[in-house]
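Colleague: predicted model and sequence below, questions to follow.
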Amino acid sequence: IPLFDEVLALFEGKAPLIIELKAYGNNQRALAEAVVKRLDSYKGAFCIESFDPFVLIAVKQLRPDICRGQLSMDFVRNPGGLSFLRRVIGTNLLFNFRTVPDFIAYDFNGRSNRCLRRCVGLWGAQEVSWTIRSRQELLACERDGCIPIFECFDPDAPAGA
């Protein structure tokens, strides 16, 4: 597994990065501090995203100019080991009034979530849908004004290929 500095060196000035921060325990603030400090000298385009709203709150406090994205999904249906409270908070984007993300990347299959619709409307956050795996999903995503994150297919391939 490459170190963060090694990854940054590979991409600096070549391609924009989406940097997903995954907190462990209660290290949200320390993680955000270490990452934004390192990114202060990075000469390339990037954004930071996380499923953990407390990471985004810390990034916003430390470097409000960094593009931030809230990752989410329906954790009530897919708990992933989270406590009930964290599942409800994550699914319904209940801390977005504090994180005020630039974009919200929500699981494509759960994008009808009312709280997602409200957050996009209230704060003007760009909606992103993950993970798009078919041309039909791609077209639905684009029709709704979402930015797609896709895998397992080539969106530029001719239909039916």
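Modeller: Received, thanks. Numbering: from 1, shown residues only.

Colleague: okay, now E49: neighbour count?
Modeller: By other CB atoms under 10 Å, 22 other residues sit near E49. Glycine gets a C-beta too; all of them are placed from N, C-alpha and C.

Colleague: equivalent analysis for R29, please.
Modeller: Using other CB under 10 Å, R29 has 16 neighbouring residues.

Colleague: try L39
Modeller: Using other CB under 10 Å, L39 has 18 neighbouring residues.

Colleague: check contacts around it.
Modeller: 8, 19, 46, 63, 66 (CB atoms under 8 Å, 6 or more residues apart in numbering).

Colleague: just how off-centre is whichever helix in the chain runs longest within its chain?
Modeller: Longest helix in the chain, counting residues (DSSP state H): helix 28-39. Relative to its chain's centre, helix 28-39 lies at 17 Å (CA atoms, centre = their mean, to the nearest Å).

Colleague: CA-only coordinates of that helix, as CSV, when you get a sec.
Modeller: Output of helix 28-39 as CSV, limited to C-alpha atoms (Å, rounded to 0.1, in the frame of the first residue of the first chain):
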residue,chain,number,x,y,z
GLN,A,28,-11.5,12.6,13.0
ARG,A,29,-9.8,15.9,14.0
ALA,A,30,-6.3,14.5,14.0
LEU,A,31,-6.8,12.8,10.6
ALA,A,32,-8.2,16.0,9.1
GLU,A,33,-5.3,18.1,10.5
ALA,A,34,-2.6,15.7,9.2
VAL,A,35,-4.2,15.5,5.7
VAL,A,36,-4.9,19.3,5.2
LYS,A,37,-1.4,20.1,6.5
ARG,A,38,0.2,17.8,3.9
LEU,A,39,-2.1,19.2,1.2
